[in-house]
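S.K.: Build me a model from this:
(chains A and B)
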Amino acid sequence: MTDVTRVKTGGRTIGETLFSLKGVSFRVGGIQILPELDLDLETGRMTGIIGPNGSGKSSLVKLLARQQVPSTGSISFLGQPLADYSNRDLARRLAYMPQFTPSAEGMTVAELAELGRFPWHGALGRMDDTDAAKVADAIDRTGLRAFADRLVDSLSGGERQRSWLAMMLAQDAKCLLLDEPTSALDLAHQAEMLKLVSDLTREKELTAIVVLHDINMAARYCDEIIAVKAGQVVARGTPPEIVNAQTLAGLYDLPMGVMAHPATGQPLGYVL
Amino acid sequence: MVWSGLAVVAAGLFLLRVWAAWPDAPGGDELDRVILLYSVLPRPVVAILAGAALGLSGLLLQRVLRNALAEPSTLGISAGAQLAMAIATLFAPGLMVFSPALVAFAGGALAVGLCLLLTWRRGLEPVSVVLAGMMVALTATSASAALILANGDYLFSLFIWGGGSLNQQSWQPVLSIAPVLAIGFIASILLLRPLTILGLDDRTARSLGLAVDAGRLGMLALAVWLATTIVAQVGVIGFVGLAAPALAGLSGARTLARKLVAAPAIGAILLWTTDGFVQLFSGGGGERIPTGAATALLGGPLLLWLLPRLRMMEWPTIGQAASLARRTARPWVLVLAVAVAVLVVAGLALVLGKGPDGWIVANGALLADLANWRWPRILVAAAAGGMMAGAGVLVQRLTGNPLASPEVLGVGSGAGAGLAALFAFNAAVGLPWQFVAASVGALASLLLILAVSARAKFGPERLLLGGIAVGAACGAVITAVIALGTAQSYALLGWLTGSTSQTEPSHAVVVLIAAAILLLPALLMVRWLDILQLGAPVAAGLGVPLGRARGAVVILAALMTAIASLFVGPLSFVGLIAPHMARLMGLSRTRHQLAGAVALGAGLLVLSDWLARTLIFPYQLPVGLFASLIGGPYLVYLLSRGVPSRA
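M.R.: Numbers count the residues shown, from 1 in each chain, chains lettered A, B, ... in the order given. So this is what the prediction gives:
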């Protein structure tokens, strides 16, 4: 890691380039999902990716997670081409939660979290005390201590999402990619989940890139917002820079208004 | 397009037959005229009617149960009807004279009733229903086979008829099927609206003012009546009921009304075409190859080809299935207990036997004599059972599909097809070559299924449909080679029923070593398997080398299945049953489940081997079928007891 671009702000490192996309496009079966895209993403923040359905935000995260390979262009991750990482090397640095988490049939929360240690040991390596400590810490941080021995599938939606987050934390990666982690949750659990991710990025000096649906939720918890439309980054900046009537109207093709949050003063978008 | 083409082919084949059978001179040979009128002409009519009835029955079942895999044979209806007719023929011949159709209907209705009763508490959840149905079907088939073998020649005709032969001697079957089909079709048209609503979930249906249970029961009865009429008239013809509705959907029939027309039409064309080919290739009367088996040869590849194009899936997916089975606190203790129990069973099997004068507990010199005969087969049964169960765990974890197993996915049949191909060239080849052929067959079929379903992202229904298609096609190859009636046929027939009675000591040692060599790496893969069942995105995210891990698991599973099925046949269903038994006993982690399933599989086959040789001494029953007879009811019991699924 080079320290050239590193800037310390409030105890966390911001500004180092995490991902760098150059001329990245993605097509499936002749359909262009992402036209050529140049984008730099930096460490130490929680970045929200928002945009209408079918805008390509999910595809973008999948490309970053190397779940899919770009049709053209190159992605570099921490200064190296993403394609050059071995599977487990990448998994030690980058944790990914798919949009639809599968059923973890027959697994307890603790067992699921323990899977996060796989990248460090592979199929045969022995788990030691460090691993046990990392798993325990992940379970504590996600507030699942009381549920550690419960079956994941028997938990509520919010608790289940947190179990998956625990697995990602146990992975000990510096970068978390989450594809719509709140889509199946009610309002309270959405807020809880996003606050947790936001706190974690602060305390553990992590980077989180989160695909979100709700612009106000994104504005409330993210440090930076990237607005994607038809595969293009149409706006990017801090929440106050993004949440204005003009940008939102352009993003969603809907007349939108913005007002100040009565308590915090943050801008809130609404449909006119 | 495809269908009208096939219909033309079928019609052409039919005209060919008529032309061949046409009496040369008017008023000429009376016999030729009789053959034409009473054998050649009725045959295609029966094929068309039976195909249509099966297609309609399959559509109704799939609709009513909201289950893409429901059809007369997966729900045990055909097998139940067959068993009922076998029992009636033996013990109440009067009933068969009175009305075979009634007997068949009672059997089929009982089977489907049992199946639904067992899964009622689980809300008729599709996976459980099909599991229960397959178990009921297996148990009924084993029971029929046992009855047939125990009664020798008397019931052998029943066995042939069980293959589904369309040979006709009169117009009587036509007259029996036609009215049933007509009534069924008209009833379905009249009930179109309730049927459409039944395809939604129960609460919606009820809120739309439908008497759900009554409606469902009525539809079921209709479907069972249609299916059992066919069983009574022409025998068990599988696959059409499953394939016709699926193919109808694939060919663009979207609404129920169009499917109601398309499914019977496609079923009819499927059966008619197949029967045409069967008559063409078998020369004479076409009695050699049962049409029921040949249907699969045509329909299997067709379904495979169409599967990736499958768009419609209006049924709720079965993915999230299964149960939140309880877990044991001490899994290894349980595994150890099972292993000890298996050893006890094996010990009993060694000393306990049946002689001409009844039960004998062998000891001393007698034991030393008998042991030489008994230990090889006990060892082979245990090793094969363990491998089948191991392969089952591997495949279920790999696909994340609770219904997957080497047998269901047709891997065992694939091994058989490889063997059949080998036998077709040379019947007298040794074990090493048999093993190579079986392995190649197993591996090829497993790779084919996985390739087809990977394009569909391993959707559970598609995987199973693909497996059933491959299995059915391979089964048809085997049946065709058997039907050649040569020396090879007997070797293959023996293999199919899975007999351990001629095991040599050297074979037993080889199989045991193979089991050890193959099961050890499987135990080393448990961490992969834990992650693989969570699907590709998660596995890739955790850094599992997907291609290598999957490849290794597939190869191991195929080799295990191939070796095991060389000795116990392809139809033991240990690979399906043992992993579920282990899971439902509370062994849910991969390593515990694998160990437990291997022990259970070994025990299951040792037990069935022992029962197979003692139960109707001095005759021997097929081991593989016996395993399903023991394991099936237990699995069904476990399923019915399972925790009600989470709402």
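S.K.: Contacts for stretch B:172-192, please.
M.R.: Stretch B:172-192 is contacted by residues B:42, B:45-46, B:49-50, B:52-53, B:56-57, B:60, B:101, B:195, B:215, B:218-219, B:222, B:225-226, B:229-230, B:232-234, B:256-257, B:260, B:264 when judged by CB atoms under 8 Å, 6 or more residues apart in numbering or on different chains. C-beta coordinates here come from the backbone N, C-alpha and C atoms, glycine included.
S.K.: and it, how far from the chain's centre?
M.R.: 27 Å (CA atoms, centre = their mean, to the nearest Å).
S.K.: buried set for that stretch?
M.R.: Using 16 or more other CB atoms under 10 Å in any protein chain shown as the test for burial, stretch B:172-192 gives B:173, B:174, B:176, B:177, B:178, B:180, B:181, B:184, B:185, B:187, B:188, B:191.
S.K.: and that stretch, C-alpha only, in PDB?
M.R.: Included here for stretch B:172-192 are C-alpha records, laid out as PDB according to Å, rounded to 0.1, in the frame of the first residue of the first chain:
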ATOM      1  CA  GLN B 172     -62.100 -53.200 -26.600                       C
ATOM      2  CA  PRO B 173     -59.400 -50.900 -25.000                       C
ATOM      3  CA  VAL B 174     -60.300 -48.100 -27.400                       C
ATOM      4  CA  LEU B 175     -63.900 -48.400 -26.300                       C
ATOM      5  CA  SER B 176     -62.900 -48.300 -22.600                       C
ATOM      6  CA  ILE B 177     -60.500 -45.400 -22.800                       C
ATOM      7  CA  ALA B 178     -62.500 -43.100 -25.200                       C
ATOM      8  CA  PRO B 179     -65.500 -42.400 -22.900                       C
ATOM      9  CA  VAL B 180     -63.200 -41.800 -19.900                       C
ATOM     10  CA  LEU B 181     -61.100 -39.400 -21.900                       C
ATOM     11  CA  ALA B 182     -64.200 -37.600 -23.200                       C
ATOM     12  CA  ILE B 183     -65.700 -37.200 -19.800                       C
ATOM     13  CA  GLY B 184     -62.300 -36.000 -18.400                       C
ATOM     14  CA  PHE B 185     -61.900 -33.500 -21.100                       C
ATOM     15  CA  ILE B 186     -65.400 -32.100 -20.900                       C
ATOM     16  CA  ALA B 187     -65.100 -31.900 -17.100                       C
ATOM     17  CA  SER B 188     -61.800 -30.000 -17.400                       C
ATOM     18  CA  ILE B 189     -63.300 -27.600 -19.800                       C
ATOM     19  CA  LEU B 190     -66.300 -27.000 -17.500                       C
ATOM     20  CA  LEU B 191     -64.000 -26.600 -14.500                       C
ATOM     21  CA  LEU B 192     -61.600 -24.300 -16.300                       C
END
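S.K.: quick one: average pLDDT of that stretch?
M.R.: When pLDDT is averaged over stretch B:172-192, the result is 83.
S.K.: What of stretch A:219-236?
M.R.: Mean pLDDT, computed over stretch A:219-236, is 90.
S.K.: In stretch A:235-242, which of the residues would be classed as buried?
M.R.: By 16+ other CB under 10 Å, the buried positions in stretch A:235-242 come out as A:235, A:239, A:242.
S.K.: Can you check the distance spanned by it, start to finish?
M.R.: By CA to CA, to the nearest Å, the extent of stretch A:235-242 from end to end equals 7 Å.
S.K.: so how far is it off the chain centroid?
M.R.: Distance of stretch A:235-242 from its chain centroid, counting by CA atoms, centre = their mean, is 18 Å.
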